[in-house]
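Enquirer: Quick one, what's the 3D model for this:
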Amino acid sequence: MRLVVDANILVAELLRKRGRDLIISKNLELFLAEKMKDEVQYELQKRIAIIVSKTNLTQELGQLQLEAALRLIDSKIITFPLPFYQFFEAEARKRIPRDPNAETLNPVTKLYIDKHNTPITSNFKLNGQFSGTSGHS
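Expert: Numbering: from 1, shown residues only. Okay, here's the model as predicted:
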């Protein structure tokens, strides 16, 4: 199954063993917009620092967890460069009328993939339930 991953969901799942196990699954092909990759890296660093400050996780183990998560992103998630999806941004913004300033990279990536007849799901929950399908799976 192909999925375009949301930055917040990806960060949360990279911090969970079951999420990491699912990410390395051969049954999933994950996609991430290039600009969201920077957001994921920033959020991972921030959340791991919070975990270190509020739990008994050491700084060293936190750094190892961050490095492992970043390696997993690089090895298992296909990043779409901006030129692949920027053309679709205007159309994607029309699909999110509730907030014209909302981040649209996932809808933009999804539109690119849809236009190229690639089956994909645009949003997902890692507890076995899938939502936000594009009409393909």
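Enquirer: Quick one: mean pLDDT over stretch 81-94.
Expert: Per-region confidence: stretch 81-94 scores 77 on mean pLDDT.
Enquirer: Helices of this structure, start to end?
Expert: 7-14, 17-23, 34-54, 59-76, 82-85, 89-94, 105-115 (DSSP state H).
Enquirer: okay, those, which one's buried deepest?
Expert: With neighbours taken as mean count of other Cβ atoms under 10 Å, the helices of the chain reach their highest mean count in helix 105-115, at a mean of 22. C-beta: built from backbone N, CA, C; applies to glycine.
Enquirer: and of the helices of the chain, who's closest to residue 1?
Expert: helix 17-23 (10.9 Å; Cβ to Cβ).
Enquirer: ok, back up a step: dump the helices of the chain to JSON lines, plus distance to residue 1.
Expert: Formatted as JSON lines, the helices of the chain follow (distance: least, Cβ to Cβ, whole Å):
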{"stretch": "helix 7-14", "distance to residue 1": "15"}
{"stretch": "helix 17-23", "distance to residue 1": "11"}
{"stretch": "helix 34-54", "distance to residue 1": "19"}
{"stretch": "helix 59-76", "distance to residue 1": "14"}
{"stretch": "helix 82-85", "distance to residue 1": "20"}
{"stretch": "helix 89-94", "distance to residue 1": "22"}
{"stretch": "helix 105-115", "distance to residue 1": "13"}
